[in-house]
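>>> Give me a model of this one.
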Amino acid sequence: MDFDETIWDPLLKAVSLSLLSEDAKAKVYLNYLLELQPQTAAEIKQTLSSFMFSDEIVFRIINSLKRIGLK
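Residues are numbered from 1 along each chain as shown. Just a heads-up that it's a prediction; the model follows:
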């Protein structure tokens, strides 16, 4: 499987870089994530919740993405 073609690689990189305050780099991966899945803003909570049982982790991931521009 080529991870560059899934949402997980850009999602995790965007979140990680956002948490490190590397906003410019994080936004590059957020934009790539939005190219792969344009409806990310509307579906991200449901997508993450189907794989993660911790509401706190889902909340932190979403807030990290919002911090760098996810609307």
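
>>> contacting residues for residue 10?
With contact set as Cβ atoms under 8 Å, 6 or more residues apart in numbering, residue 10 has these partners: 29-30, 32-33, 36. Placement of C-beta: from N, CA and C, glycine included.

>>> just to confirm, which helix or strand has it in it?
Residue 10 is part of helix 8-19, with elements assigned from DSSP states H and E.

>>> Next SSE downstream of that helix?
Helix 8-19 is succeeded, C-terminally, by helix 23-36 (DSSP H and E).

>>> orientation of that following helix relative to helix 8-19 in degrees?
Here the directions of helix 23-36 and helix 8-19 differ by 150 degrees (axes from the mean of the first three to the mean of the last three Cα atoms, to 10 degrees).

>>> How far off centre is helix 23-36?
8 Å (Cα atoms, centre = their mean, to the nearest Å).

>>> Buried residues of it, list them for me.
Using 16 or more other Cβ atoms under 10 Å as the test for burial, helix 23-36 gives 26-30, 32-34, 36.

>>> which residues are contacting the next helix or strand after it?
Beyond helix 23-36 on the C-terminal side, the first helix or strand identified by DSSP H and E is helix 40-49. Applying Cβ under 8 Å, 6+ apart, the contact partners of helix 40-49 are 7, 33-34, 37, 55, 57-58, 61-62, 65, 70-71.

>>> try 7 Å
33-34, 58, 61-62, 65, 70-71 (Cβ atoms under 7 Å, 6 or more residues apart in numbering).

>>> of all those residues, which two lie farthest apart?
34 and 58 (18.6 Å; Cβ to Cβ).
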